[in-house]
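Q: Model the structure of this input:
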Amino acid sequence: MKYIILGTSQFALRLCEAIKDNGSDVVMIISLIADNLPENSFDFKDFCRFNKIKLFLTQDINNKETEQVIKSLNPDFLVVAWPKILDEKILKIPKFFTIGTHPTKLPFNKGRHPVHWSIVLGLKFNYLSFFRMDTEIDSGRILLQKKYTINKFPISEVMKNLEETAYLGMYKLCKILQNDPSYKGKQNNKKIDNFWRKRNIHDITLDPRMSGKIFINTVKSFSPPYSGSILLTSSVSSFIIDNAKEIEKFKRPTRWENR
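A: Residues are numbered from 1 along each chain as shown. Now for the predicted structure:
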């Protein structure tokens, strides 16, 4: 089986490692040019050189050049961990189908920034879904779902858990596809789905009137490798906050409330 990985992060790297360890062939990794990379990105150059995997950097996954590069390798599957929507012409290139990944238990919580929202909401765990991609958002048939832990961790720790889950899930899915490359999976029920929206500057702006739980969860959801949450001190000044915890009562200074 020949796979092409579309991704920009260590999550995509773990998908690649799982495929290789299963004995299948990763013929290319496609990532973005440096100027277009998101905050949590990984440089694949050394990995691809060491493992003799082709690396293609694109400005736009949907442009004609990228389409032709993918077609030239005649892949059986595309595996997608991509930060933007793929055109139908890309989705239809592989011999069998394109595999999408989404870190919630589909059909619930489709859409943008699912790991960030999971942390803000204080979820103890979530699921990584592998699915057959179609032209709608996170709506294709579900191939496999695997649980990962959130449990009050900052996003760096949650991402490590998710990356390990990506490896284990992709390894298992490869086994399934080796036996049945046209594997259908199960229906993604659109009658009960919901969507999380894209986060914006207001979602990472801290307010002292927030509850302690929401304040801390917001900080954890955008802590390193992301750029941190914002605490405004006036209309013209602010602090970047990348860590927060509640001080236990017995450790608070005397008359702390009057300071």
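Q: Look at the closest residue to Phe131 other than its chain neighbours and report its pLDDT.
A: Residue nearest to Phe131 in three dimensions, not counting chain neighbours: Gly140, with 4.5 Å by Cβ to Cβ, 6 or more residues apart in numbering. The way it works is simple: take the backbone N, C-alpha and C, and place the C-beta from them, glycine included. You'll see Gly140 listed with a pLDDT of 95.
Q: what's the neighbour count on Gly140?
A: 24 (other Cβ atoms under 10 Å).
Q: Check Thr8 too.
A: With other Cβ under 10 Å as criterion, Thr8 counts 23.
Q: Tell me the spacing between Glu248 and Gly212.
A: Distance of Glu248 to Gly212, computed by Cβ to Cβ, to the nearest Å: 12 Å.
Q: Tell me which of these two has more neighbours.
A: Gly212 (11 against 7).
Q: What backbone torsions are found at the more buried one?
A: Main-chain torsions, Gly212, degrees, to the nearest 10: phi -60, psi -40.
Q: what about Lys160, is that helix, strand or coil?
A: helix (DSSP: H, G, I helix; E, B strand; the rest coil).
Q: Could you report the pLDDT at it?
A: pLDDT, read off for Lys160, is 97.
Q: Check Ser234 too.
A: We have a pLDDT of 84 for Ser234.
Q: what's the answer for Asn151, then?
A: For Asn151, the model assigns a pLDDT of 93.
Q: show me what contacts the closest residue in space to Asp138 that isn't next to it in sequence?
A: Of all residues not flanking Asp138 in the chain, Lys110 sits nearest, at 3.9 Å (Cβ to Cβ, 6+ apart). Counting by Cβ atoms under 8 Å, 6 or more residues apart in numbering, Lys110 touches 102, 104, 137-139, 193-196.
Q: Go ahead and confirm Pro154 touches Ser223.
A: Yes. Using Cβ atoms under 8 Å, Pro154 is in contact with Ser223, at 4.6 Å.
Q: ranges for the strands of this protein?
A: Along the chain, counting by DSSP state E, strands occupy 2-7, 25-32, 54-58, 77-81, 97-102, 110-111, 125-132, 142-149, 195-196, 205-206, 229-232, 238-241.
Q: Identify each buried residue in the second one, please.
A: By 16 or more other Cβ atoms under 10 Å, the buried positions in strand 25-32 come out as 26-32.
Q: can you redo the strands of the chain as JSON lines with distance to Cys16?
A: Formatted as JSON lines, the strands of the chain follow (distance: least, Cβ to Cβ, whole Å):
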{"stretch": "strand 2-7", "distance to Cys16": "5"}
{"stretch": "strand 25-32", "distance to Cys16": "5"}
{"stretch": "strand 54-58", "distance to Cys16": "11"}
{"stretch": "strand 77-81", "distance to Cys16": "8"}
{"stretch": "strand 97-102", "distance to Cys16": "12"}
{"stretch": "strand 110-111", "distance to Cys16": "25"}
{"stretch": "strand 125-132", "distance to Cys16": "14"}
{"stretch": "strand 142-149", "distance to Cys16": "17"}
{"stretch": "strand 195-196", "distance to Cys16": "27"}
{"stretch": "strand 205-206", "distance to Cys16": "36"}
{"stretch": "strand 229-232", "distance to Cys16": "32"}
{"stretch": "strand 238-241", "distance to Cys16": "33"}
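Q: so which of the ones you listed comes closest to Asp46?
A: For the strands of the chain, proximity to Asp46 was assessed by Cβ to Cβ; strand 54-58 is nearest, at 10.0 Å.
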